[in-house]
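J.: One predicted model, sequence on top.
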Protein chains: 2
Amino acid sequence: MRSPTIRDVAERAGVSKSLVSLVLRGSQQVRPEKRRAVLAAVEELGYRPNAAARSLSERRTRTVGVLLNDLRNPWFVELLDGLNSELYASGLRTLLADGRQGRRLGEDLTHTFTELRVDGLIAVGTLPDPAAVRTAAAGGAPPGAGPPPPGRAHVGRGGGGPQRGARLATEHLIGLGHRHIAHIAGQGVVGELRRRGFEAVMREHGLSGSATVEQGDLTEEGGYRATVRLLGAPHRPTAVFAFNDMAGVGALSAAEELGLRVPGDLSLVGYDNTYLARLRHLWLTTVDNAGHDIGRRAARRLLDRIADPARPGEVALTAPVLEVRGTTAPPRPAD
Amino acid sequence: MRSPTIRDVAERAGVSKSLVSLVLRGSQQVRPEKRRAVLAAVEELGYRPNAAARSLSERRTRTVGVLLNDLRNPWFVELLDGLNSELYASGLRTLLADGRQGRRLGEDLTHTFTELRVDGLIAVGTLPDPAAVRTAAAGGAPPGAGPPPPGRAHVGRGGGGPQRGARLATEHLIGLGHRHIAHIAGQGVVGELRRRGFEAVMREHGLSGSATVEQGDLTEEGGYRATVRLLGAPHRPTAVFAFNDMAGVGALSAAEELGLRVPGDLSLVGYDNTYLARLRHLWLTTVDNAGHDIGRRAARRLLDRIADPARPGEVALTAPVLEVRGTTAPPRPAD
DNA sequence: GGACCTGTTTGGACCGTTCCAGAACTCTCC
DNA sequence: GGAGAGTTCTGGAACGGTCCAAACAGGTCC
């Protein structure tokens, strides 16, 4: 049994399919009486427009693709939330793809997006293959094959002002009196920026010599391992600034396992102010870079570019804020 | 600049559009020489098929909609993972909608799905409006307007065997010697089942009198509040079985705040074995109901029904397993 | 040489919309 | 009563694919 089409509705209402189309798109110039007839027919038949047919004809899909790095990271979910609220308000739907997962499956998600002809593309976080994203943003054509079609935009995780946040965290620790501070670094561009922010502040305070950087990844496990290495070293730090909350929680566990009290023996700062950090039982001092807000801004920027493709891809920065909770304190005087 | 169509490719390769279509769909009866010509043209033009046009003509979208309750719940994400891996292997793409969010936005997500003509629908968790889902599953037509079109299937969170898991948890606590046990209940059908499982076991052990049920929700906050109420009551329980890990963590925080040691003064069991429970710093005893696995099964069942719509909507149960960690112990002898 | 295969290739209809040019009404005004 | 100006309404051409029946090209066989 086929589902009803616009023609079925037209027939039932005794009008032409064009009129039905007009009614459905809310045109003002149709007589109320006919409008009612059409709407009644729609109701009776349980008609629902076919999105594929519509976007084929309209040459746009009212859909934007969101390429996410890892749905397990609460910060991304929060950003997604902000993104959605703004996009939905403009009648766009959101198509989600988990890059991490796509990679595992060997799928090229950007291909999927170009086949779907999404009206826009939002890439959040550091992605495995930025070049592929740019290609997709250029309309799926190989680089140089033409100007990017309207409305595609590549939005980096940007806006967080990663360096700024890293500075805040580091200055907080130094302000508490810590001298020997370690940083658990993340991967990708953002990881790089945050690390540089950390190092810059340490240098400015003449503490380069006692700044340690340990490579982690973005997971709890990575943070745990990195911290075990840090605390096992001869001259152990009194404070750790982790790339994100997940890593921060890993660090917390490592410290606890080694018999160190937090924040008594070791201060700890995370990043992102995810609900993890807010769990009363963890109560992690962290940097809040307002995921929801960033999502909203990114969406707005994309909308602007869809409206006016010529618009430059500006980068709006939000100011991160330090959220001081229970995992930071002055170092032991004995230290 | 329009993106190239199949006709552009045909022209460039010097063949008809039908031949291009054949090549792209991997037909065997095309001379290798022509195939090469077509593929070369595809490459040169950077051609990508248009999903909308394809699904309009094929009358299917190779897309299944997933209606999720809350992306912030790690268990759902895990399930999604399993779902995706199985669906992708069958060439289906997944369209995600966060029901919680949709509700907030006033959007009826099932409408979106019917407009998109998804080939299947997976509803996970307890949803705000089950009736709407069923309507969508019936092809968007109002109930009774016709037989459901092929391939729509409503898959409940099912498969978890919620009662079974609740039994495991409760029996574990009783086995440790606890008598006065409380349950923090969740909403919806699953919450109901889990609560009943808990109550049944308590009754079987003649402990109905000392079984307390406190309503929570599925969040940390809800678990926290419920626990504060429980522990503030005159005859406080020595063990708490929470509806899920999030609530469990809330309970943990509440206990700590009231000066109770876990598991010394209070034992605690969660549900779902999410990464939260696995965080070394929380190390929550919990019931594992294998989200990834359930996702895979649900996907497989949906695939079966797409292949053979007549197939009955069987419910496959997976056996939950208790994961004993650090939050459960025998009660204080003094108790 | 024609009938009859088999393996390739093709034109045209169709999927369900939107869009557009123009037809068909309805008023107003002289 | 007809010209002119709005309003409403309509048919047909897109949109970019798939599908199918029929055309075509070579062989093979009598």
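T.: Structure's in. What do you need?
J.: in stretch A:264-277, what's buried?
T.: Buried residues in stretch A:264-277, counting neighbours by 16 or more other C-beta atoms under 10 Å in any protein chain shown, are found at A:265-277. Every residue, glycine included, has its C-beta placed from N, CA and C.
J.: and which of these is nearest to chain B?
T.: Closest to chain B out of the buried residues of stretch A:264-277 is residue A:275 (6.9 Å), distances taken as C-beta to the nearest C-beta.
J.: For the closest one, list the residues it contacts.
T.: A:74, B:72, B:220 (C-beta atoms under 8 Å, 6 or more residues apart in numbering or on different chains).
J.: Using the three-state scheme, assign residue A:263.
T.: coil (DSSP: H, G, I helix; E, B strand; the rest coil).
J.: Against DNA strand D, how distant is it?
T.: Per C-beta to the nearest atom of the strand, to the nearest Å, residue A:263 is found 60 Å from DNA strand D.
J.: Next up, the contacts around that residue.
T.: Going by C-beta under 8 Å, 6+ apart, the list of residues near residue A:263 reads A:326, A:327, A:328, A:329.
J.: Narrow the residues you listed to those that are buried.
T.: For the contacts of residue A:263, buried by 16+ other C-beta under 10 Å: A:327, A:328, A:329.
J.: Just these: which are in strands?
T.: Assignment to strands by DSSP state E places none of the buried ones among the contacts of residue A:263 there.
J.: From residue B:41, how far off is the residue of the stretch 201-335 of chain A found nearest DNA strand D?
T.: Scanning the stretch 201-335 of chain A for proximity to DNA strand D using C-beta to the nearest atom of the strand identifies residue A:309 as nearest, at 17.6 Å. As for residue A:309, its distance to residue B:41 is 28 Å (criterion: C-beta to C-beta, to the nearest Å).
J.: who has more neighbours, the two?
T.: Between residue A:309 and residue B:41, counted using other C-beta atoms under 10 Å in any protein chain shown, the more crowded position is residue B:41 (21 against 14).
J.: just to confirm, which helix or strand has residue A:167 in it?
T.: helix A:162-176 (DSSP states H and E).
J.: Can you list the helices and strands that that helix packs against?
T.: In terms of contacts (3 or more C-beta pairs under 8 Å, 6 or more residues apart in numbering or on different chains; DSSP states H and E), helix A:162-176 is packed against strand A:181-185, helix A:188-204, strand A:239-242, strand A:267-271, strand A:285-288, strand A:321-323.
J.: buried sites along that helix?
T.: A:162-170, A:172-174, A:176.
J.: need the contact list for the nearest residue to residue A:117 once chain neighbours are set aside.
T.: Distance criterion C-beta to C-beta, 6 or more residues apart in numbering or on different chains; nearest residue to residue A:117, sequence neighbours excluded, is residue A:61 at 5.4 Å. Counting by C-beta under 8 Å, 6+ apart, residue A:61 makes contact with A:51, A:55, A:116, A:117, A:118, A:119, B:52.
J.: Including pLDDT, distance to DNA strand D and secondary structure, could these go into a markdown table?
T.: Formatted as a markdown table, these follow (pLDDT from 0 to 100; distance: C-beta to the nearest atom of the strand, whole Å; DSSP: H, G, I helix; E, B strand; the rest coil):
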| residue | pLDDT | distance to DNA strand D | secondary structure |
| --- | --- | --- | --- |
| A:51 | 95 | 13 | helix |
| A:55 | 96 | 9 | helix |
| A:116 | 92 | 12 | helix |
| A:117 | 93 | 8 | coil |
| A:118 | 92 | 15 | coil |
| A:119 | 90 | 14 | coil |
| B:52 | 96 | 7 | helix |
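J.: follow-up on the earlier one: so the residue of the stretch 201-335 of chain A closest to DNA strand D belongs to a helix, correct?
T.: No. Assessed with three-state DSSP, residue A:309 is coil; it does not lie in a helix.
J.: quick one, helices of the stretch 1-150 of chain A?
T.: A:6-13, A:17-24, A:32-45, A:51-58, A:74-89, A:99-105, A:109-116, A:130-137 (DSSP state H, counting those that start in this stretch).
J.: Now do the contacts for residue A:39.
T.: residue A:23.
J.: any idea how far residue B:55 is from residue A:258?
T.: Distance from residue A:258 to residue B:55, counting by C-beta to C-beta: 57 Å.
J.: Among those two, which residue is more densely surrounded?
T.: Comparing residue A:258 with residue B:55 by neighbour count (other C-beta under 10 Å), the higher total belongs to residue B:55, at 22 against 14.
J.: Correct me if wrong: that one contacts residue B:62.
T.: Yes. Here residue B:55 reaches residue B:62: they are 7.1 Å apart, a contact under C-beta atoms under 8 Å.
J.: In space, what's closest to residue A:67 - neighbours in sequence excluded?
T.: residue A:123 (4.5 Å).
J.: cool, and residue A:303?
T.: Leaving aside its sequence neighbours, residue A:303 sits nearest to residue A:90 (C-beta to C-beta, 6+ apart; 5.6 Å).
J.: Relative to chain B, how far out is the one you found?
T.: 12 Å (C-beta to the nearest C-beta, to the nearest Å).
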